[in-house]
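[1] Coordinates only, no sequence provided:
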């Protein structure tokens, strides 16, 4: 008998069973969520290097991260901060899911964790070492510490996950691409569960000055906590952040068989390109991403109650996303749809943004609470949706989207729904 092909198999249902957050709001999922629904800001003045001559001196740093709680001292020395955040997030997510952290997870577990820029801090430090002390002082762990796929690789090694293992790199859409590709691998039966999401640690001199040169950052240095203000007339650029957002996705029956707590179901995914400009959005790619995601999820627009927006607090981007949402959702966009940007609190975590925001979306569905868009004091007239301004809203929605759009015109949208 010829073996059943993958295309002949029934597409399997996939749920979220674990969340691991390392964010500028807190180290830990519950603490990050509580800060978010209480409208706390994780933004402040940058502390890790001298910024006095810079026009933008603010960022959303992870505070109180003790790497030694998650890694031994040797691992800390050998791994860039973005890998440390990823390993911490993966451990937190596995623990949250009730999965073992000290036993091999095997070939039915995959790891898809990406980053936008990888080990930028280690790259800068090693270049200084080369210039000042010579090539013999360059660490043999330099390359494994900076390349993007070593976040996923180190998670796989630590937890004995021998299924699919790779790292998407798609700027600010990275986290959503990682989640979406994990969804596909589980749906098609390649694996039963996945550790997925994104990690980033680019609050370094080169990272900050690069975005300054691109004129992308807010310069509200006198009130950092007010600097990330999506959809507000006073927005003047995004606030860079760091951290990790890691999810455990699991095939539904696999999760039920072990009695797992289920946050929600992952019901749709799409990925599109603007094919327009490296930094300016066309809007068309975002429209197609949301529409295709709804189609993949078999959802009508009016069945979606919440969108976690990309919402970066840039003058052009916020308007483009608002127009795209209105195009996709029509009258429902202004009649029943709630939209918020949690970047108003976390800053923009670049390659980790999608993972963190997907986790917040899953938690919103699970708890029946929509996180707010803080600092929305005077809405831009061209941004005229319900952005859940300043205060979280207790309301149970049945389905939600999470948007991520990145430099290069890359777009990824994930649909979540309450399990029925």
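    Nice, thanks for sending it over. Keep in mind that this is a model prediction, so the values were computed, not measured. Residues are numbered from 1 along each chain as shown.
[2] Flag the shaky bits of the protein, pLDDT-wise.
    Applying pLDDT under 70 to the chain flags the ranges 1-9, 278-279.
[3] Geometric centre of this structure: which residue is closest?
    Compute the mean C-alpha point of the chain, and by C-alpha atoms, centre = their mean the closest residue is residue 354, 2.3 Å away.
[4] I'd say that residue and residue 176 touch.
    Yes - counting by C-beta atoms under 8 Å, residue 354 touches residue 176, with 3.6 Å between them. (Each C-beta comes from the backbone N, C-alpha and C, glycine too.)
[5] where exactly do the strands run in the protein?
    Applying DSSP state E to the chain gives strands spanning 14-22, 44-45, 58-59, 109-114, 165-166, 193-200, 243-251, 264-273, 306-308, 338-340, 369-370, 393-394, 399-406, 410-417.
[6] Residue 70 versus the spatially closest residue to residue 126 that is not a sequence neighbour, what's the distance?
    Nearest residue to residue 126, sequence neighbours excluded (C-beta to C-beta, 6 or more residues apart in numbering): residue 142, at 5.0 Å. Noted for residue 142: a distance of 22 Å to residue 70, by C-beta to C-beta, to the nearest Å.
[7] Compare neighbour counts for those two and give me the winner.
    residue 70 (22 against 19; other C-beta atoms under 10 Å).
[8] so how far is residue 331 from that one?
    48 Å.
[9] Any idea how many residues pack against the closest residue to residue 51 other than its chain neighbours?
    Nearest residue to residue 51, sequence neighbours excluded (C-beta to C-beta, 6+ apart): residue 57, at 4.0 Å. Neighbours of residue 57 under the rule other C-beta under 10 Å: 19.
[10] wait, residue 57 sits on residue 46?
    Yes - counting by C-beta under 8 Å, residue 57 touches residue 46, with 5.8 Å between them.
[11] residues contacting residue 254?
    Applying C-beta atoms under 8 Å, 6 or more residues apart in numbering to residue 254 gives the contacts 192, 193.
[12] can you offset everything so residue one is 14?
    Taking 14 as the first residue, the last one we looked at is residue 267.
[13] wait, doesn't the residue nearest to residue 139 sit right on residue 138?
    No - applying C-beta under 8 Å as the test, residue 155 and residue 138 come out as separate, 9.2 Å apart.
[14] quick one, helices of this structure?
    42-50, 86-91, 94-110, 133-146, 155-159, 163-172, 187-200, 218-226, 265-270, 297-310, 328-342, 356-359, 366-380 (DSSP state H).
[15] Output the ones you listed in TSV, with distance to residue 31 appended to each entry.
    TSV is the format used below for the helices of the chain (distance: least, C-beta to C-beta, whole Å):
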stretch	distance to residue 31
helix 42-50	9
helix 86-91	22
helix 94-110	3
helix 133-146	28
helix 155-159	26
helix 163-172	12
helix 187-200	12
helix 218-226	29
helix 265-270	10
helix 297-310	21
helix 328-342	29
helix 356-359	20
helix 366-380	10
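[16] deepest of the ones you listed, which one?
    Highest mean neighbour count of the helices of the chain: helix 356-359, a mean of 30 (counted as mean count of other C-beta atoms under 10 Å).
[17] gap between it and the chain center?
    Put simply, helix 356-359 sits 12 Å off its chain's centre (C-alpha atoms, centre = their mean, to the nearest Å).
[18] Determine the set of other helices and strands touching it.
    Packing partners of helix 356-359 (3 or more C-beta pairs under 8 Å, 6 or more residues apart in numbering; DSSP states H and E): helix 42-50, helix 366-380.
[19] Pull the residues that contact it.
    Contacts of helix 356-359 with the rest of the structure, by C-beta under 8 Å, 6+ apart, involve 36-38, 48-49, 52-56, 73, 241-243, 251-252, 254, 256, 323-326, 362, 366, 369-370, 384-389.
[20] one more time with 6 Å, if that's ok
    36-37, 49, 54-55, 73, 241, 243, 254, 324-325, 386-388 (C-beta atoms under 6 Å, 6 or more residues apart in numbering).
[21] any idea which of those is closest to residue 114?
    Of all the contacts of helix 356-359, residue 36 has the smallest distance to residue 114: 20.3 Å, by C-beta to C-beta.
[22] That closest one touches residue 45, doesn't it?
    Yes - between residue 36 and residue 45 there is a contact under C-beta atoms under 6 Å: 4.6 Å.
[23] phi, psi of residue 275?
    Phi and psi for residue 275, reported as degrees, to the nearest 10, are phi -110, psi 120.
[24] Please give me every residue in contact with it.
    Counting by C-beta under 6 Å, 6+ apart, residue 275 makes contact with 28, 30, 268, 432.
[25] Next, give me the two most distant ones among the residues you listed.
    For the contacts of residue 275, the farthest-apart pair by C-beta to C-beta is 30 and 432; their separation is 10.7 Å.
[26] what about the two, which has more around it?
    Looking at residue 30 and residue 432 with other C-beta under 10 Å, you find the greater number of neighbours at residue 30, namely 26 against 16.
[27] correct me, but the more buried one touches residue 269?
    No - when contacts are counted by C-beta under 6 Å, residue 30 is not listed as touching residue 269 (10.1 Å).
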